[in-house]
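> What would the 3D arrangement of this be:
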Amino acid sequence: MPNAETVQQGFKNVQNDICEFLNEHNDKPYQEDLWEYEKGNGGGITRVWVDGDLIEKGGVNFSAIRGTSLPASAATQFKIPEGTEFLATGVSLVIHPWSPFVPTIHMNIRYFEAGDVAWFGGGIDLTPCYPKKDQIIQFHNTLKKVCDKSEHDYGKDKQTCDDYFYLPHRDETRGIGGIFFDHLQEDLESHSQYALNLGYAFRDLYDPFIDKNRDTPYTDAQRDFLLYRRGRYVEFNLVYDRGTIFGLQSKGRIESILMSLPATANWKYDFHAEPGTPEFELTDFYLKPQDWVNMSAE
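Numbers count the residues shown, from 1 in each chain. Below you'll find the predicted structure:
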């Protein structure tokens with residue numbers, strides 16, 4: 001197994017790098033909370049942005065906890081007895097910008113030990129409201145380079161992402177996907193580097209959306225549509241998200257667990273976008289898995 005302290009320090013460095021990048025683009029710096037895990041040992045560093053000029057609400061959380069009672073959601077994955085001592089460490093983030101033209105983004109990288117079992121996991125996915133095809137293609141091509149650098153199969157991890165970030169009750173994906181990997185057990189040193197490579201790629205992945213879109217004017221109707229789409233984000237995070245479920249079952253810090261939720265969202269009864277509109281195109285095309293890296297931007 002890798003040295004847990006080395007993994008934790010690597011994840012802390014990723015958190016620092018991402019927070020520095022976001023501070024460069026937002027007029028207000030993050031608020032920082034240092035917290036301790038009350039049900040065991042360890043704790044974390046939660047950094048949150050609220051009401052900035054770019055970020056309405058967002059956070060980047062680092063945690064490293066040890067517990068004596070493995071939650072059922074994790075125990076069933078590898079038939080590990082509940083009550084086994086465990087270690088969990090990682091970085092997770094969600095950024096909800098004000099503008100409907102700057103996508104919501106989520107990323108996490110994590111490492112887990114329980115008994116004789118250890119694994120890495122992680123991923124990144126993008127949830128645009130008014131996507132631009134060329135920018136989505138660029139995002140996925142940058143992700144493919146991250147995978148190629150670590151000799152990981154982009155196609156496999158993209159498919160896993162499309163399958164995971166899917167809302168069965170809505171029959172749509174949460175966004176335009178990304179990559180997702182979990183329970184990587186063989187060659188842990190290589191998987192550790194893969195997770196770190198993804199973390200350090202965050203700047204290159206998200207910066208184009210900020211630079212090109214943050215100053216695009218938007219209407220009240222477009223902002224309202226963003227709030228409506230955020231409702232889908234809330235539904236996924238509270239019903240299906242593994243990290244949320246694990247955090248609640250392990251009795252983790254609730255403010256950090258629910259950090260991913262937006263400050264504002266709404267639900268409209270039986271809403272249907274008009275065909276031919278960007279709102280219709282979002283669900284008709286973008287929220288269906290596409291072969292982005294082989295697609296023309298025309």
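> So for stretch 84-104, what gets flagged as buried?
For stretch 84-104, a neighbour-count test (16 or more other CB atoms under 10 Å) marks 84, 86-104 as buried. For every residue, glycine as well, the C-beta is placed using N, CA and C.
> All the strands of the stretch 151-298 of the chain, residue numbers only.
Using DSSP state E, counting those that start in this stretch, the strands of the stretch 151-298 of the chain run over 166-167, 172-173, 177-184.
> Including mean pLDDT and mean neighbour count, could those strands go into JSON lines?
Below are these laid out as JSON lines (pLDDT from 0 to 100; neighbours: other CB atoms under 10 Å):
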{"stretch": "strand 166-167", "mean pLDDT": "96", "mean neighbour count": "16"}
{"stretch": "strand 172-173", "mean pLDDT": "96", "mean neighbour count": "20"}
{"stretch": "strand 177-184", "mean pLDDT": "94", "mean neighbour count": "22"}
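> so which of these gets nearest Asp116?
Smallest distance to Asp116 across the strands of the stretch 151-298 of the chain (CB to CB): 14.4 Å, for strand 177-184.
> partner strands of that closest one, parallel or antiparallel?
strand 117-127 (antiparallel) (DSSP bridges).
> Give me the contact list for whichever helix or strand comes after the strand it pairs with.
Per DSSP states H and E, the first helix or strand lying C-terminal to strand 117-127 is helix 133-149. Helix 133-149 has contacts (CB atoms under 8 Å, 6 or more residues apart in numbering) with 124, 126, 128, 153-154, 157-158, 176-179, 197-198, 201, 204-205, 208-209, 212-213, 286, 292-293, 295, 297.
> hmm, 6 Å instead?
The contact list for helix 133-149 (CB atoms under 6 Å, 6 or more residues apart in numbering) reads Tyr154, Ile176, Ile179, Asn197, Leu198, Ala201, Asp204, Leu205, Trp292, Val293, Met295, Ala297.
> Would you mind listing the residues in contact with the first one?
Spelled out, that is Tyr154. Lys144, Cys147.
> Next, work out how far apart it and Gly177 are.
As defined by CB to CB, to the nearest Å, Tyr154 lies at a distance of 11 Å from Gly177.
> Same question for Glu274.
Distance check for Glu274 against Gly177: by CB to CB, it reads 25 Å.
> go on, Asp153?
Distance of Asp153 to Gly177, computed by CB to CB: 15 Å.
> Can you get me a residue count around the nearest residue to Pro289 once chain neighbours are set aside?
Distances taken as CB to CB, 6 or more residues apart in numbering place Asp162 nearest to Pro289, at 4.3 Å, with adjacent residues excluded. By the criterion of other CB atoms under 10 Å, Asp162 has 20 neighbours.
> Now do Asp162 against Lys212, distance only.
In terms of CB to CB, Asp162 sits 25 Å off from Lys212.
> quick check, nearest of the contacts of helix 133-149 to Trp35?
Closest to Trp35, out of all of the contacts of helix 133-149 and judged by CB to CB, is Leu198, at 24.8 Å.
> how about Phe86, what does it touch?
Gly67, Leu70, Ala114.
> go on, Tyr194?
Ser150, His152.
> Quick check: phi and psi at the nearest residue to Tyr37 once chain neighbours are set aside.
The spatial neighbour of Tyr37 that comes closest, neighbours along the chain excluded (CB to CB, 6+ apart), is Ile65 at 4.2 Å. The phi/psi pair for Ile65 (degrees, to the nearest 10) reads phi -130, psi 150.
> Against Gly90, how distant is Ile65?
Distance from Ile65 to Gly90, by CB to CB: 10 Å.
> Put together JSON lines for the strands of the stretch 151-298 of the chain, with distance to Val7 on each row.
Shown next, in JSON lines, are those (distance: least, CB to CB, whole Å):
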{"stretch": "strand 166-167", "distance to Val7": "30"}
{"stretch": "strand 172-173", "distance to Val7": "30"}
{"stretch": "strand 177-184", "distance to Val7": "13"}
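> can you tell which of those is closest to His191?
strand 177-184 (4.2 Å).
> neighbouring contacts of that closest one?
Here strand 177-184 has contacts from 119-121, 123-126, 143, 157-158, 160-162, 164, 191, using CB under 6 Å, 6+ apart.
> just curious, which of the residues you listed is nearest to Arg47?
The closest of the contacts of strand 177-184, once distances to Arg47 are taken by CB to CB, is Ile124, at 17.9 Å.
> Tell me which residues of stretch 53-62 come out buried.
So, applying 16+ other CB under 10 Å, buried residues of stretch 53-62: Leu54, Ile55, Glu56, Lys57, Gly58, Gly59, Val60, Asn61, Phe62.
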